[in-house]
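*Asks:* Sequence and computational prediction follow.
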Amino acid sequence: MQIYRVGGAVRDKLLNYPCHENDWVVVGSSPEEMVALDYRPVGQDFPVFIDPRSGEEYALARTERKSGIGYGGFTFHTSPDISLEDDLIRRDLTINAMAEADDGTIIDPYGGQQDLNDKILRHVSAAFAEDPLRVLRVARFASRYAHLGFTVAPETLQLMKAIVDRGEMTALVAERVWKETQRALCERSPDVFIETLRSCGALAILLPEVEALFGIEQRADFHPEIDTGIHTLMALQQSVLLTDKATIRFTVLVHDLGKAITPKDILPRHTGHEARGLPLVKQVCDRLKVPNQHRQLAMVVTEYHLMCHKSLEFKPEWLLKLLTVIGALKSAEKLDDFLLCCMADAKGRKGLEMQEYAPNRYLREAREAAIAVQVTDLVASGIKGADIGTHLKQRQIEALSEFKQHYQP
């Protein structure tokens, strides 16, 4: 029985890249021996065991055979005579098909170290094309390591296209697509995830609403980059500079979906794209089973981001309405998230990346003025019942009117 550290932990150690998880492969053992050694069995598809001392997972070396459609269509086989090399060859990329022995020796039968040095994401074997989930994984790794100069090998991209062309992407369950997408959104270059999926045709299958943005023109005076898809990628890049929250990055990705269905006769204007985008955002969230927190922020930003951009022009009544509908009066965090999304949108334009976003400070200070009006003061003055809400709103409007008179940009 021999135990090896494998996969991402080995890859990231060689890259000097942060890694917080270990994957282990056990060669020359059996389920019975693992249980006898107090490892706790988990999983149904193949034997995986938890070390009760560390809580880490140990998988018996295994081979696999394609037996159906999709990433779950495999038959797994484990046996004490399966070698480490047999186990590693079933993995997706050469940089993930390395192992480390307990003395630190690197076992690299498929050229992973050379591909690390060459900054190439390359498949291990032709079996790569049997698993559609690998399309998403490669795109995610591209987004993680793009800043280091990594690119997808042309021959690997061809296999990814072949998977898409066979229609296997539709076999992926929503939860798995969302899991990989969310993880990619949290990487250093989530825009590369979108670009990689687009380059192999998978984006049109998994996120057709985002794919449809590419080639849609915008007014050059507002969007020097012209193309709505390019703007979306640029806004996504800006979101990375502002926050690591997946809720915000997802929202930035989908905030302009309505522009893809703007009537052609009004292009390059996009009047009304906010309202047109709401059903599309809901459609994406429903299909991928996106968490409610992401959905709620995406819907609010889609509907009101243009109002945010123009908020300095609003009369006090409309300013109060904006603060109310985005939930800012009840939650400073909701305002923070909303503003970060709108800021990424405003900065995600060619040549305007460094501009100051005036609504950021303006709406924060407007909120402070509005919440300074206290219900307890109204009650103390003798106002009761339904009249409290009416008077609260009026005094908040008055407070915002005074705020606007004294505000210095």
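*Replies:* Sure, I can see it.

*Asks:* Next up, the contacts around the most centrally placed residue in the chain.
*Replies:* Nearest to the geometric centre of the chain sits residue 185, at 2.4 Å (CA atoms, centre = their mean). Counting by CB atoms under 8 Å, 6 or more residues apart in numbering, residue 185 touches 193, 246, 249-250, 253. For glycine as for every other residue, the C-beta is placed from the backbone atoms N, C-alpha and C.

*Asks:* Turn the residues you listed into CSV, columns for neighbour count and pLDDT.
*Replies:* CSV is the format used below for the contacts of residue 185 (neighbours: other CB atoms under 10 Å; pLDDT from 0 to 100):
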residue, neighbour count, pLDDT
193, 27, 98
246, 18, 97
249, 26, 98
250, 30, 98
253, 26, 98
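
*Asks:* Same list (those) but as TSV, adding distance to residue 115 and secondary structure.
*Replies:* Conversion of the contacts of residue 185 to TSV gives the following (distance: CB to CB, whole Å; DSSP: H, G, I helix; E, B strand; the rest coil):
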residue	distance to residue 115	secondary structure
193	20	helix
246	29	helix
249	28	helix
250	31	helix
253	29	helix
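
*Asks:* picking up where we left off before, next one: the residue nearest to the centre of the chain, what pLDDT does it get?
*Replies:* Looking at residue 185, its pLDDT stands at 97.

*Asks:* How about residue 34?
*Replies:* 86.

*Asks:* Next: residue 29.
*Replies:* At residue 29, the pLDDT value in this model is 89.

*Asks:* same deal with the one 10 residues further on?
*Replies:* You'll see residue 39 listed with a pLDDT of 89.

*Asks:* Contact partners for it?
*Replies:* Residue 39 makes contact with 49-52, 58, according to CB under 8 Å, 6+ apart.

*Asks:* Now the phi/psi pair for residue 107, please.
*Replies:* phi -100, psi 120 (degrees, to the nearest 10).

*Asks:* ok, it - contacts?
*Replies:* Counted by CB under 8 Å, 6+ apart, residue 107 has contacts 4, 84, 88, 98-101.

*Asks:* Can you show me the strands along this protein?
*Replies:* Counting by DSSP state E, the chain has these strands, from start to end: 2-6, 23-27, 40-42, 48-50, 57-60, 62-66, 74-78, 99-100, 106-107, 120-121, 151-152.

*Asks:* Those strands: which one's closest to residue 311?
*Replies:* The closest of the strands of the chain to residue 311 is strand 151-152. By CB to CB, the value is 41.4 Å.

*Asks:* contact partners of the closest one?
*Replies:* Residues contacting strand 151-152 (CB under 8 Å, 6+ apart): 119-121, 138, 142, 160, 196.

*Asks:* What subset of those is buried?
*Replies:* The neighbour count (16 or more other CB atoms under 10 Å) marks 120-121, 138, 142, 160, 196 as buried among the contacts of strand 151-152.

*Asks:* any idea how far residue 313 is from residue 275?
*Replies:* 20 Å (CB to CB, to the nearest Å).

*Asks:* hang on, I meant residue 329
*Replies:* 20 Å.

*Asks:* In terms of packing, which of those two has more residues around it?
*Replies:* More crowded of residue 329 and residue 313, by other CB atoms under 10 Å: residue 329, with 17 against 9.

*Asks:* tell me the contacts of the nearest residue to that one once chain neighbours are set aside?
*Replies:* Nearest residue to residue 329, sequence neighbours excluded (CB to CB, 6 or more residues apart in numbering): residue 323, at 5.5 Å. Contact partners of residue 323, counting by CB under 8 Å, 6+ apart, are 329, 335, 363, 366-367, 370.

*Asks:* Closest one of these to residue 202?
*Replies:* Closest to residue 202, out of all of the contacts of residue 323 and judged by CB to CB, is residue 335, at 35.6 Å.

*Asks:* Neighbours of residue 60, how many?
*Replies:* Neighbours of residue 60 (other CB under 10 Å): 23.

*Asks:* right, I mislabeled it, should have said residue 392
*Replies:* Residue 392 has 17 neighbouring residues, counting by other CB under 10 Å.

*Asks:* Please parse this structure into its domains.
*Replies:* Domain ranges of the chain: 1-118, 367-406, per automatic domain parsing.

*Asks:* out of these, nearest to residue 356?
*Replies:* Proximity to residue 356 (CB to CB) singles out domain 367-406 among the domains of the chain, at 18.9 Å.

*Asks:* ok, and for that closest one, which residues are buried?
*Replies:* In domain 367-406, residues buried by neighbour count (16+ other CB under 10 Å) are 367, 369-370, 373, 378, 383, 391-393, 395-397, 399-400, 403-404.

*Asks:* how long is it from one end to the other?
*Replies:* Chord length of domain 367-406, first to last residue, is 15 Å (CA to CA, to the nearest Å).

*Asks:* pLDDT averaged over that domain, what's the number?
*Replies:* For domain 367-406, mean pLDDT is 85.
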